[in-house]
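Peer 1: please find the sequence and the predicted model below.
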Number of protein chains: 2
Amino acid sequence: MRMSKKFDAFVTWASGIKVPINKKILDQMAAWSQGMNVKANRSALLSWRVLEVNSMFADRISDVPKSFIREILKVAISPNIISFAGGLPNRELFPVQELQTASNSVFEHSGQEALQYSNTEGYLPLREFISQRYKTIKGLNIEPKNILITTGSQQGLDLLGKTFLNEKDRVIIEKPGYLGAIQLFSIYKARFSPVLLENDGVNIQELTVASKLRNTKLMYTVPNFQNPTGITYTNEKREQIANVLRGKPLMLIEDDPYGDLRYSGTHQSSFMHYLPEQTILLGSFSKTVVPSFRTGWIVAPDEIMEKLIVAKQASDLHTNFFTQKLLAEYLQQNDLNEHISKIKTMYGRQCLAMIECIKRHFPKEVTYTLPEGGMFLWVTLPYGISAMDLFQKAIEKDVAFVPGDPFYTDLKESVSTLRLNFSCVDEATIEKGIARLGESINEYITEYKQKNLTV
Amino acid sequence: MRMSKKFDAFVTWASGIKVPINKKILDQMAAWSQGMNVKANRSALLSWRVLEVNSMFADRISDVPKSFIREILKVAISPNIISFAGGLPNRELFPVQELQTASNSVFEHSGQEALQYSNTEGYLPLREFISQRYKTIKGLNIEPKNILITTGSQQGLDLLGKTFLNEKDRVIIEKPGYLGAIQLFSIYKARFSPVLLENDGVNIQELTVASKLRNTKLMYTVPNFQNPTGITYTNEKREQIANVLRGKPLMLIEDDPYGDLRYSGTHQSSFMHYLPEQTILLGSFSKTVVPSFRTGWIVAPDEIMEKLIVAKQASDLHTNFFTQKLLAEYLQQNDLNEHISKIKTMYGRQCLAMIECIKRHFPKEVTYTLPEGGMFLWVTLPYGISAMDLFQKAIEKDVAFVPGDPFYTDLKESVSTLRLNFSCVDEATIEKGIARLGESINEYITEYKQKNLTV
């Protein structure tokens, strides 16, 4: 494509009309337009490339929300800041020595094998362990052949997106819902049907309407100690949900990374009990052993498993085999339940401490969830106060949290909800941080009331 | 949805017309139809589910070719069979002890950190090592910020698919080309423009035509010791290719897992030298250190990197961080070039042995490539003999290879080409296996000639 010296580029408008322009105008345009299809003259300045490359990207990637939490964490990284913003397990509890011992066993007994390529499905003894645990802990009869090891349960979501979603298919999602799922389903250009999450699970009326919408393929839930709210679905609600979905051409994804971390209340049954034919389970060792190994799994029926394996093979051939063997060795040498009970003791204490501090330091108009497990608690501010605005104020007092905004798929204005993490902060720090946050909220409310009285 | 007792299901035809049918007819239909949109009565037999679930799958997943090699390897797994079918590095060369030492260092010096969640971009010291190596070995000035660690270079392909491909966008691919890339791009519903691979690189005329087709977003190449052919692009051909692609709105992917494994001839320059603005590099430690860690990388300019990071985060948050640290530690404690030279010595000897054996045992009508590195060699049979048919005969003589068929995207009938792997077989076994394969070919040709004389 050659252009006259006078013009530096063509701009192709949506109408299909091509207009030759010069660099000055193009630079101006670059400031206010991003998605425009501009084919610039290659001999022009390098800074133009941004525009040209943008025109090459797939539509899907422009639609994906940037990780808000990632941006927030950048702010919250300063050592003075007490952060309730993260979502990490507490590293003090990682079984470092036990994993080192297991690692040495693997190197010594099957080094070459553990370092070679392996099968896509995952290491059989690890899948057998998971299968056995479903049987003994949850009374679920799940065979190893129905378990696929994934690179974290986040990859489980990616494989389900690959396997089920055509462009514009619908996904039912909790409102508020897990950010990683929102990002992933956006990649597959899904349309979301957000369904209000109440204290005992999603709202049944809204679910009933959503489940009837055309091309609804998946419902995504985190029924135990949900991220971001900490809410757990009751058995009654699970049964009602199953009744709504039964027989409809869609699958329910039960993502359960925190299920083992219950420190109060009573165990609620998996959707697999209520809706066996339509339930897909996601699991993970990230919260019970360590996250850096990126080892999770999907449970799915045979005919879906077949497709997931094809998707998995194209995505990364197989999950890190060395750490699969290491994990299997660790699980054989140690008692996972014993280890989990240590985690539950610590998180349970920290959760309780946070609730006690909230009671003391937050004004009584603030409401919050009472998690029976997991790592998160959800706060609702009164008077429609913006959590984003509060975040700015809180940062000035050296305390951070995640404003609720990124957990909604249908946001029009900023919300009054926020997420607090308690797994990574000791009790003394919780006391200090919640006191600071309480101050911020109190000041905000005082300002709000003054402003509203004045007006 | 309730149905009368008389009928067990509705069949929805493409026309939109719904027809109630009974189980017997449905079973019959199941035999010849797969993609049909059948909403069966849930109270009907379980065996129906296959049909129902099939109607839920994304279009993309039905279009993906099953891994042919996977199926082949199942046949080739018997201990009596000499297999040239695999694509594995030789496990005898894995630095087991050195990696164990590095692993213990990581556990002892930064256990908790190495086991925690980490950043999406990858471990900085590892990216610095890769950057440094590009500078010293290839004269390429690549900054760590332009390197993203991926879960094997196969994931690099997935992220590029996510970032660039809308449905029906075109991808230029070598003919024959890497199967993993064909599978992956099929997932994103790309249309392929296969371009004939000659002894010095792809055919320029065909490339010129393909590069002008609308919505061509990517060209995928393995320019060094290609999989499956073992062919290396000459510098002259690389320059010609760069001239064809320069200024066109597409990116060239240079996938280079074998580039370090050159055991004869002279180093050819990366496309980054000829087409810097449009080249994306993929690299991997799978062939130089170990494959089970699934550690590869993408090199891309800033504005693309930004999108790739979003795609990566949605796909698996980050690559196994423990083995990233382990690898970085290993690379600091050991001399990678020294280790690579051991691999080159062994593979070089095995490649030579295979060529010598081919000369002795194959009829002279058979042609083959002369790889200067890598792990594969490509054989062309005379008279249009089917490599698939030969495979059946060869298996009877306990020797296996991969028929060329799955490496083509535009196949109408079976091909006369086949891939031989020499990295995993010692010289004595090569002699034995190639002798058996030679016998099979000779018998086949004799039969062929008799048949054609008779007719």
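Peer 2: Done, it's in.

Peer 1: is it true that A:S118 touches B:R294?
Peer 2: No: using Cβ atoms under 8 Å, A:S118 is not in contact with B:R294, being 9.8 Å away. Yep, even glycine has a C-beta here, placed from its N, CA and C like the rest.

Peer 1: so those two - more neighbours on which side?
Peer 2: Between A:S118 and B:R294, B:R294 has the larger neighbour count (other Cβ atoms under 10 Å in any protein chain shown), namely 30 against 22.

Peer 1: leaving out chain neighbours, which residue sits closest to the more buried one?
Peer 2: B:G152 (4.2 Å; Cβ to Cβ, 6 or more residues apart in numbering or on different chains).

Peer 1: contacting residues for the one you found?
Peer 2: Contacts for B:G152 (Cβ atoms under 8 Å, 6 or more residues apart in numbering or on different chains) come out as A:316-317, B:284, B:286, B:291, B:294-296.

Peer 1: quick check: neighbours shared by A:S118 and B:R294?
Peer 2: The contact sets of A:S118 and B:R294 overlap at A:318, A:321 (Cβ under 8 Å, 6+ apart).

Peer 1: can you list phi and psi of the residue nearest to B:R294 for me?
Peer 2: Main-chain torsions, B:G152, degrees, to the nearest 10: phi 80, psi 160.

Peer 1: and A:N166, how far from chain B?
Peer 2: From A:N166 across to chain B, the span is 5 Å (Cβ to the nearest Cβ, to the nearest Å).

Peer 1: cool, and A:S440?
Peer 2: From A:S440 across to chain B, the span is 27 Å (Cβ to the nearest Cβ).

Peer 1: ok, that residue touching A:Q392?
Peer 2: No: in this structure, A:S440 is not within contact of A:Q392 by Cβ under 8 Å, at 9.4 Å.

Peer 1: what about these two, which has more around it?
Peer 2: A:S440 (19 against 12).

Peer 1: SS state for the more buried one?
Peer 2: The three-state label given to A:S440 by DSSP: H, G, I helix; E, B strand; the rest coil is helix.

Peer 1: can you check the one 4 residues further on too?
Peer 2: Following three-state DSSP, we place A:Y444 in the helix state.

Peer 1: looks like it contacts A:I385 (just checking).
Peer 2: Yes: counting by Cβ under 8 Å, A:I385 is a contact partner of A:Y444 at 5.9 Å.

Peer 1: stretch A:243-262 vs chain B: in contact?
Peer 2: Yes: contact of stretch A:243-262 with chain B (Cβ under 8 Å from any Cβ of the partner chain) involves A:246-247, A:249-251.

Peer 1: which residues touch the residue most central in space within chain A?
Peer 2: The residue lying closest to the centre of chain A (Cα atoms, centre = their mean) is A:G180, at 3.1 Å. By Cβ under 8 Å, 6+ apart, A:G180 lies in contact with A:154, A:157, B:314, B:317.

Peer 1: so what's A:N215 closest to, chain neighbours aside?
Peer 2: In this structure, A:N215 finds its nearest non-sequential neighbour in A:D169, 4.8 Å apart by Cβ to Cβ, 6+ apart.

Peer 1: quick one: that neighbour and A:R214 touch, right?
Peer 2: No: checked against Cβ under 8 Å, the pair A:D169 and A:R214 is beyond contact range at 9.3 Å.

Peer 1: between the two, who's got more neighbours?
Peer 2: A:D169 (21 against 7).

Peer 1: now the more buried one, what are its backbone angles?
Peer 2: Residue torsions, per degrees, to the nearest 10, at A:D169 are phi -60, psi 160.

Peer 1: tell me who's in contact with it.
Peer 2: A:188, A:190-191, A:215-218, B:58.

Peer 1: again, only using 6 Å
Peer 2: Applying Cβ atoms under 6 Å, 6 or more residues apart in numbering or on different chains to A:D169 gives the contacts A:190, A:215, A:217.

Peer 1: ok and the helix or strand where A:Q324 lies relative to helix B:321-333, angle-wise?
Peer 2: Assigned by DSSP states H and E, A:Q324 belongs to helix A:321-333. Helix A:321-333 and helix B:321-333 meet at an angle of 120 degrees, taking axes from the mean of the first three to the mean of the last three Cα atoms, to 10 degrees as the criterion.

Peer 1: which helices and strands sit right next to helix A:321-333?
Peer 2: When contacts are defined as 3 or more Cβ pairs under 6 Å, 6 or more residues apart in numbering or on different chains; DSSP states H and E, helix A:321-333 packs onto helix A:96-115, helix A:124-138.

Peer 1: count of residues packed around A:K364?
Peer 2: Neighbours around A:K364, by other Cβ under 10 Å: 7.

Peer 1: three-state assignment of it?
Peer 2: A:K364 - assigned by three-state DSSP - is coil.

Peer 1: distance of it from chain B?
Peer 2: Distance from A:K364 to chain B, by Cβ to the nearest Cβ: 36 Å.

Peer 1: quick one: low-confidence parts of chain A?
Peer 2: Where chain A drops to pLDDT under 70, the residues are A:1-52, A:63-77, A:454-455.

Peer 1: domains in it, by residue range?
Peer 2: Chain A breaks down by automatic domain parsing into domains covering A:9-56, A:66-92+A:338-454, A:94-335.

Peer 1: for these, which one sits closest to B:T367?
Peer 2: domain A:94-335 (29.8 Å; Cβ to Cβ).

Peer 1: the stretch 151-300 of chain A: helices as residue ranges?
Peer 2: Applying DSSP state H, counting those that start in this stretch to the stretch 151-300 of chain A gives helices spanning A:152-164, A:179-187, A:204-211, A:235-245, A:271-274.

Peer 1: output the last one as CSV, nothing but the C-alphas.
Peer 2: The one in question is helix A:271-274. C-alpha atoms of helix A:271-274 as CSV (Å, rounded to 0.1, in the frame of the first residue of the first chain):
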residue,chain,number,x,y,z
PHE,A,271,-25.1,-29.2,44.1
MET,A,272,-24.0,-32.6,42.9
HIS,A,273,-26.5,-34.1,45.3
TYR,A,274,-29.4,-32.0,44.0
